[in-house]
Structures are given as C-alpha cells and as structure tokens.
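[1] Give the three-dimensional model of this entry:
(chains A and B)
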There are 2 protein chains.
Amino acid sequence: MMNNLVLADTTELDFSAWALSKQTRLEQMLDLALVPADLAPKTLHSAMRYSALGGGKRVRALLCYAVAELCGTDLNVADAAACAVELIHAYSLVHDDMPCMDDDDLRRGKPSCHKQYDDASALLVGDALQSLAFDVLSKPKLLNDASLQLSMLQILAQAAGSKGMAGGQAIDLAAVGKPLTQAELESMHHLKTGALIQAAVLLGAISGSHKQIAAVSSFATNIGLAFQVVDDILDVEADSSTLGKTAGKDANSNKPTYVTILGLDLAKQHAQHLYANAIAALAPFGDNAQRLSALAAFITQRNF
Amino acid sequence: MMNNLVLADTTELDFSAWALSKQTRLEQMLDLALVPADLAPKTLHSAMRYSALGGGKRVRALLCYAVAELCGTDLNVADAAACAVELIHAYSLVHDDMPCMDDDDLRRGKPSCHKQYDDASALLVGDALQSLAFDVLSKPKLLNDASLQLSMLQILAQAAGSKGMAGGQAIDLAAVGKPLTQAELESMHHLKTGALIQAAVLLGAISGSHKQIAAVSSFATNIGLAFQVVDDILDVEADSSTLGKTAGKDANSNKPTYVTILGLDLAKQHAQHLYANAIAALAPFGDNAQRLSALAAFITQRNF
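    Numbers count the residues shown, from 1 in each chain, chains lettered A, B, ... in the order given. Got it, this is the predicted structure:
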C-alpha cells in the first residue's frame, strides 16, 4: 500500500495531486520492469516484487520527475531513470535490513524481506534488484543520443558503488559507537543517502543545459543532507507505525546522528538552513521551479 | 597469487603462454578498475581488492579474450568486458560464500571474504563489486558505436539478474535435498554458471558478424555446461588444496550434482560429449578457432 503524502500548510494542493500521480506512475513502471511472480524462480521474483513495489515515499523518483520537467527531459527517460534509482534504493534497503547489517524486522510498514522470506533470499533479492536497475537503464534507444544514455548508466553505477552509497554504508557501519564530528557525519551521509539522491536529480536533468545541471546538482546536495537530518529527527520524534520502520533505531544502536551531535533544536535549525540553501540553488529557474520547491518543502516538513 | 594453468598433454604450450599473458593483463585491468585500498572507506576498498584480485582461473576472462580475437573485437573493449564479467563473478563468489548461502570458509586458496573481514563487509563488497562492473562497462567512448556499448551493458545486466545468475542461485538454494532430473539440473546450471559464461563470450563477440555470434553462442552454451559438469566431478575427485575451495562441499550439503544424478563415469562421458559439441560449434571459423578450442580443452581437462 502506498503512503499518502501528509502535506504541510505551506504546500500547494496541486503538489499533492502531482506527487500522487507520479508515485502511481512509478509503481506501474516498476511493475512492468519486475519479472512476474509466476515465472521461475518464483520465490525470487515474488520476493523482488514484495521488496520493490507498494511502499515508500518515493522521494528519489519524485525528485527525478520534478527535475525532468524542469530541464525538459522526456517523460519516458524520466520513467526509466526513476525506476532504476528506486530499484537501487529498494535493493539497499533489503540488504541494510539483514541481520549482519542493521538487523531490522520492519520496512515500509511490513516485515522486511529477510523476515518475510529468509536471509539467503534477501541477499539474492538485493543482488537481482541491482542488476535490474542497470537492465532498465540500458534499454535500447531510450535516448536518441546513446552516449548520453551511457553517461546515465555511469552516473548510477558510481552513485551506487564504493565511492557512493555502498561506501557510505561501510563508513556508517564502522562509525557505530564512535564519536564523529559534524563534518565526518556529513561526509558519511553525502555518500550513504546523498549520492543516490544526487543521481536521481542528475538523471532527471540529463537533457538539461550545463547551467541547469549545475543548479539542480547544488539543490540535490543540500536537499539530500536535509533529508537525512530530518530522518534523524524523525527517528527520535516519530513512532514506528508512522515511519513504517523501527523508530529510535539509530539512537538505540549507538549510531552517531545529527540529533546526538547537534541536539534536537540545532538539528531542526540545520535542516531549515539546508532547505533554504536548496531553494536558493533553484533561483536561476525562477517561477519554473515551483514543483521542485514544493518537493523540497515536503522533504523537510514531512512527519514520516 | 595466481594459479598457474596445469595443462593436459593435448594442449599446446603456446596456449599456456597466451593464457598466462591474458590472466596477467586481466589482473592489471582489475587493479586499475578497483579503487586503491588507501582511499576511504579503506576497509571496503581493501576487501574489494582482496576478493577480486589475485586468484581464480579467470576462465570467463579467457573466454572473452579468445572470442574477441576470433571476432575482431578491439582489445580495449575485450579488456573492459573481461574485467566487468570477472567483477560480477567475484561478487557472486563473495555473496555465495556467506553463512546464509553456502557458508564456505575457503575461496581461491585463502579465507573467504566474510572470514577475512566480516559478514557486513562481505555483503557490501559484493554489492560494490557489482556496481563497479557496470561502471567499467559504461566508460565513455569505449566503442565508437555507443548503442553497441549499451547492448553490452544490457547483456551483462540480464546475465547477472533474476533470469540469469542470481536466478540460478535461487533455484540452486531451493534444490538442496530435493531430487532433480538431469533436465532440471541442466536448466539450473544454464542460469547459475551458464549465463555469465554466455555473457563473457557474447561481450567478446560484440564486434562480430551475426554468423560469428551465433557460432560462439552455441559454443558458450556447451562449454558452460561442460564447465559445471567438470566442477561437479572435481568436487568429488580433487582435494581442497588443489581446488582452492572446499572439496566435497556439494555432496556433503546434499546438493544435486551431475555426479549424484549420473554417477561418475556417465558424468565424465557427458562432459566429453558437451566438449565435442562446443568444438563442433566452432566449425565455421576453421583453423582460426584454435585458441578457443585449446581453451575448451583446458576447461574440460582441468584438475582444479
């Protein structure tokens, strides 16, 4: 089941309808990209669908779609990009939740993959979801300019790899129980969540001008960090049923967070500061960036 | 340390020198593709290098190089393809060896990744090696024809995914303790090891004609299965120090193998039959296929 967006007062109603339509569209794209559950190996295909479909805020996909609208990227290109990024994100959640990593039983309001299936299946589900992301993005003639499509694949591969998301995970693991400075924490999150959010935005902007790409890239850096700061705040302030994942997890597992380093009030100020920076980065687009601004507001004001 | 090829009498000395030169070349390519171990996150990068460098027969890379020579594919394209395929293979070994999968402590003559490091690191190493494979293959201007390069990425993504290698692993897991027919076993191996061997050959043949690609594809199907039959025979006949991995593992873990289904003698006959089919598939190339024939002989006559 898809979470409905809970909107802050400042956000236009129009944004809510747009976001819902894009979430629905993304769901259809994922449904088409994933192998039907009745094709062998059935357990693997069913577990892949269980893990990738029907859940999450789809923030990365929404960013990709909003930036694509802003930069004039074809909708079918944005579809493939959003789909590929969400497949990478879904794989990372499946592996993250495994007992040897965060050992989390709850994800997107339902049992995590290794609880619903088993550890070996979860391992293979994550592996195969990653492959599928690159499969989706290497579809023939997605763009007229094949070399531009190749660069999309490289952006995604590097965002997912050891100098991106997987590297951030490794730093995160090594940091448990250790004091980090705010700079070290920020550097970890630039990789762990920032790299894939940056990729979602850069893929959406693939048809944009250099100036447009520079602007949305700066937007992505700030909104990516803001997303993580808000995540840390919600880990403390929200309950598990609202989050759809285990609340208080980071604090209980002795992980450094923005809240443990800055305290709750300063963390909230920091999120607002990053949000303001993100909005400022959109100045070159003028009024055209309203959708993306509304999305930034949603990301920083969400309560789940 | 690299295993030296142990050659059967029928194999030319020339082949041995060629194979060694290509193994050395592949090692250099992997060394360049992998992030240096002194770059953060250091443990992840060091564990990736530990798992991908300095070991294995590199059969997939050798197949890729030999087919590239036969089909006129540029050496730098073959380099990237061989590298990408071996990175996917290395990632699959790291994840395979984990406790929730085959739980194997020994790989390529040294402790497997999760024994040398830990389970969480092994999970991330496999994940990041897979990303790196797609990074390597999406390098700008690898081929003049970018759309052909895109098709290489799709071949690899599909070979690695749920309808390829990961799917084969899932079938393998589900088959433990169950009686399989020879046809079911063959279907499982077509995915588990066959898909990536097929990809290695198709990527090497990327510049070939339709006729050439059809011929090497048929060759790959047969030699891929032969490789697996020989693997099953060696699991029974060889010792761990020769194999560099735990001998008798499949038999002890109650997995169906060619030996358990056919018996040792018929399994050996079957390997010879598949070898003969593979050689027959090379007929269109005439004498030009000597290198690939020698490699097929090595694959079926190896003792490790």
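
[2] C-alpha only now, for contacts and for neighbours.
    OK.

[3] what's the helix or strand for A:Ala19?
    Assigned by DSSP states H and E, A:Ala19 belongs to helix A:13-33.

[4] hmm, who's touching that helix?
    A:4-5, A:7, A:49, A:52-54, A:57-58, A:61-62, A:65, A:79-80, A:82-83, A:132, A:136, A:291, A:294-295 (C-alpha atoms under 8 Å, 6 or more residues apart in numbering or on different chains).

[5] Would you mind writing the CA trace of it as PDB?
    What follows is helix A:13-33, C-alpha atoms only, in PDB (Å, rounded to 0.1, in the frame of the first residue of the first chain):
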ATOM      1  CA  LEU A  13      -2.700  21.100  -3.000                       C
ATOM      2  CA  ASP A  14      -1.600  20.900  -6.600                       C
ATOM      3  CA  PHE A  15       1.700  19.400  -5.500                       C
ATOM      4  CA  SER A  16      -0.100  16.600  -3.600                       C
ATOM      5  CA  ALA A  17      -2.000  15.600  -6.800                       C
ATOM      6  CA  TRP A  18       1.100  15.700  -8.800                       C
ATOM      7  CA  ALA A  19       3.100  13.600  -6.300                       C
ATOM      8  CA  LEU A  20       0.400  11.000  -6.100                       C
ATOM      9  CA  SER A  21       0.200  10.800  -9.900                       C
ATOM     10  CA  LYS A  22       3.900  10.300 -10.200                       C
ATOM     11  CA  GLN A  23       4.000   7.800  -7.400                       C
ATOM     12  CA  THR A  24       1.300   5.800  -9.200                       C
ATOM     13  CA  ARG A  25       3.100   6.100 -12.400                       C
ATOM     14  CA  LEU A  26       6.400   4.900 -10.800                       C
ATOM     15  CA  GLU A  27       4.600   2.000  -9.400                       C
ATOM     16  CA  GLN A  28       3.300   1.000 -12.800                       C
ATOM     17  CA  MET A  29       6.800   1.300 -14.300                       C
ATOM     18  CA  LEU A  30       8.300  -0.900 -11.500                       C
ATOM     19  CA  ASP A  31       5.500  -3.400 -12.000                       C
ATOM     20  CA  LEU A  32       6.400  -3.600 -15.700                       C
ATOM     21  CA  ALA A  33      10.200  -3.800 -15.100                       C
END
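
[6] Identify each buried residue in it, please.
    Of the residues in helix A:13-33, A:Phe15, A:Ser16, A:Ala19, A:Leu20, A:Lys22, A:Gln23, A:Leu26, A:Glu27, A:Met29, A:Leu30, A:Asp31, A:Ala33 count as buried by neighbour count, 16 or more other C-alpha atoms under 10 Å in any protein chain shown.

[7] mean confidence for it?
    Averaging pLDDT along helix A:13-33 yields 95.

[8] and if you look at stretch A:170-189?
    Mean pLDDT, computed over stretch A:170-189, is 88.

[9] Span of it from start to end?
    One end of stretch A:170-189 to the other measures 11 Å (C-alpha to C-alpha, to the nearest Å).

[10] what does stretch A:29-41 give?
    21 Å.

[11] What pLDDT does the model give A:Pro256?
    Note on A:Pro256: pLDDT of 85.

[12] Over to A:Glu237?
    Reported pLDDT for A:Glu237: 87.

[13] Now A:Lys110: phi and psi?
    Main-chain dihedrals, A:Lys110, degrees, to the nearest 10: phi -140, psi 170.

[14] Just give me how far the helix holding A:Ala19 sits from the chain centre.
    Centre-to-centre, helix A:13-33 and its host chain are 15 Å apart (C-alpha atoms, centre = their mean, to the nearest Å).

[15] Likewise for stretch A:159-179?
    16 Å.

[16] Residue in the stretch 201-304 of chain A with the shortest distance to chain B?
    Residue of the stretch 201-304 of chain A nearest chain B, by C-alpha to the nearest C-alpha: A:Leu203 (14.7 Å).

[17] Pretty sure that residue sits against A:Ala78.
    Yes - the criterion here is C-alpha atoms under 8 Å, and A:Leu203 meets it with A:Ala78 at 7.5 Å.

[18] So which of the two has more stuff around it?
    A count of neighbours by other C-alpha atoms under 10 Å in any protein chain shown puts A:Leu203 above the other of A:Leu203 and A:Ala78, at 31 against 25.

[19] Look up how far A:Trp18 lies from the more buried one.
    20 Å.

[20] Now the element after the helix-or-strand element of chain A with minimal mean pLDDT, going C-ward?
    Ranked by mean pLDDT, DSSP states H and E, the helix or strand of chain A with the weakest confidence is helix A:249-252, at a mean of 67. Using DSSP H and E, the helix or strand that follows helix A:249-252 in sequence is helix A:258-262.

[21] can you pull the buried residues of the next helix or strand after that following helix?
    Later in the chain than helix A:258-262, the nearest helix or strand by DSSP H and E is helix A:264-281. Going by neighbour count (16+ other C-alpha under 10 Å), the buried part of helix A:264-281 is A:264, A:267-268, A:270-272, A:274-279, A:281.

[22] Dump the residues you listed to JSON lines, plus pLDDT.
    Below are these laid out as JSON lines (pLDDT from 0 to 100):
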{"residue": "A:Leu264", "pLDDT": "93"}
{"residue": "A:Ala267", "pLDDT": "94"}
{"residue": "A:Lys268", "pLDDT": "95"}
{"residue": "A:His270", "pLDDT": "95"}
{"residue": "A:Ala271", "pLDDT": "95"}
{"residue": "A:Gln272", "pLDDT": "96"}
{"residue": "A:Leu274", "pLDDT": "97"}
{"residue": "A:Tyr275", "pLDDT": "97"}
{"residue": "A:Ala276", "pLDDT": "97"}
{"residue": "A:Asn277", "pLDDT": "98"}
{"residue": "A:Ala278", "pLDDT": "98"}
{"residue": "A:Ile279", "pLDDT": "98"}
{"residue": "A:Ala281", "pLDDT": "98"}
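
[23] ok, so of the residues you listed, who is nearest A:Phe219?
    Ranked by distance to A:Phe219 (C-alpha to C-alpha), the buried residues of helix A:264-281 are led by A:Ala278 at 4.4 Å.

[24] and that closest one, what is it in contact with?
    Counting by C-alpha under 8 Å, 6+ apart, the residues that A:Ala278 touches are A:Ser218, A:Phe219, A:Ala220, A:Thr221, A:Asn222, A:Ile223, A:Ala296.

[25] Do I have it right that the fourth one meets A:Gly194?
    Yes - taking contact to mean C-alpha under 8 Å, the distance of 6.6 Å between A:Thr221 and A:Gly194 places them in contact.

[26] And the contacts of the strand or helix carrying A:Ala166?
    Assigned by DSSP H and E, A:Ala166 belongs to helix A:165-175. The contact list for helix A:165-175, computed with C-alpha under 8 Å, 6+ apart, reads A:101, A:159-162, A:188-196, A:255-256, B:40-41, B:43-44, B:121, B:124, B:127-128.

[27] at 7 Å instead, please
    Residues outside helix A:165-175 that contact it (C-alpha atoms under 7 Å, 6 or more residues apart in numbering or on different chains) are A:159-161, A:188-189, A:191-193, A:195-196, A:255, B:41, B:44, B:124, B:128.

[28] Could you report the distance from A:Ala120 to A:Cys100?
    Distance from A:Ala120 to A:Cys100, by C-alpha to C-alpha: 12 Å.
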